[in-house]
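K.L.:
what follows is a predicted protein model with its sequence.
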Amino acid sequence: MYETVQFIHSWWAYLVLLVLLITVVLSLVGLFSKKDYGATEFRLALFTLITSHIQLLIGIVLYFVSPYFQALGEVGMGGVMKDSTLRLYLVEHPLIMIISVILITVGYSKHKKKLTSHPKFKTLSIFYSLALIFVLSRIPWSAWF
């Protein structure tokens, strides 16, 4: 089961990263070009929100079925914090990804309340860019390549 969930989590991450990157780029372009916010931007922001939440749910399942989680019971939290690999997979990656999903959720919610295009693009740009930076900072790159 672990290998299947890990495979899904890894490949879905490519989709999340791609959609998040596209959303950030288009929101920045819209912000600086004074473009009108339309249905395409709304749908893309919503799709980013949905894919990131699905990734979070897959990640939660993966967290509890992974051998790293079993190691937590064996070495304790002190042992996890001393081992950089365990710390990445059990503490840093999950925490930063949860924060990223929260940023995406808050950014999406706040942008819906704005009435004009410029504040919508600004809100999306700020929150989604921060989420992208956080995501990129804690992807286990060695496991991806």
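P.N.:
Good, I have the coordinates.
K.L.:
let me see the contact set for Ile139.
P.N.:
Neighbour list for Ile139: Ala13, Leu17, His93 [criterion: C-beta atoms under 8 Å, 6 or more residues apart in numbering]. Glycine gets a C-beta too; all of them are placed from N, C-alpha and C.
K.L.:
chain neighbours aside, what residue packs nearest to the last one?
P.N.:
Same thing as His93. Take His93 and drop its neighbours on the chain: the residue closest to it by C-beta to C-beta, 6 or more residues apart in numbering is Arg138, 5.0 Å away.
K.L.:
low-confidence ranges, the protein, go.
P.N.:
The model of the chain has pLDDT under 70 over residues 144-145.
K.L.:
can you point me to the longest helix in it?
P.N.:
helix 2-33 (DSSP state H).
K.L.:
quick one: buried residues of that helix?
P.N.:
5, 9, 12-13, 16-17, 19-20, 23-24, 26-28, 30-31 (16 or more other C-beta atoms under 10 Å).
K.L.:
and what of stretch 116-133?
P.N.:
In stretch 116-133, the ones that count as buried by 16+ other C-beta under 10 Å are 117, 120-132.
K.L.:
picking that back up, so what secondary structure elements neighbour the longest helix of the chain?
P.N.:
Counting contacts by 3 or more C-beta pairs under 8 Å, 6 or more residues apart in numbering; DSSP states H and E, helix 2-33 packs against helix 39-65, helix 117-138, helix 141-144.
K.L.:
of all the ones you listed, which lies closest to Arg87?
P.N.:
Closest of the helices and strands packed on helix 2-33 to Arg87 is helix 117-138, at 11.1 Å (criterion: C-beta to C-beta).
K.L.:
okay, the closest one in CSV with CA atoms only?
P.N.:
Provided in CSV are the C-alpha atoms of helix 117-138 (Å, rounded to 0.1, in the frame of the first residue of the first chain):
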residue,chain,number,x,y,z
SER,A,117,-9.5,43.0,-10.7
HIS,A,118,-6.4,44.6,-9.2
PRO,A,119,-7.0,43.6,-5.6
LYS,A,120,-8.0,40.1,-6.7
PHE,A,121,-4.7,39.6,-8.6
LYS,A,122,-2.7,41.2,-5.8
THR,A,123,-4.2,38.8,-3.2
LEU,A,124,-3.7,35.8,-5.4
SER,A,125,-0.1,36.9,-6.2
ILE,A,126,0.9,37.3,-2.6
PHE,A,127,-0.7,34.2,-1.1
TYR,A,128,0.0,31.8,-4.0
SER,A,129,3.5,33.0,-4.4
LEU,A,130,4.3,32.4,-0.8
ALA,A,131,2.8,29.0,-1.0
LEU,A,132,4.9,28.2,-4.1
ILE,A,133,8.1,29.3,-2.3
PHE,A,134,7.2,27.2,0.7
VAL,A,135,6.4,24.2,-1.5
LEU,A,136,9.7,24.5,-3.4
SER,A,137,11.7,24.8,-0.2
ARG,A,138,10.6,21.5,1.2
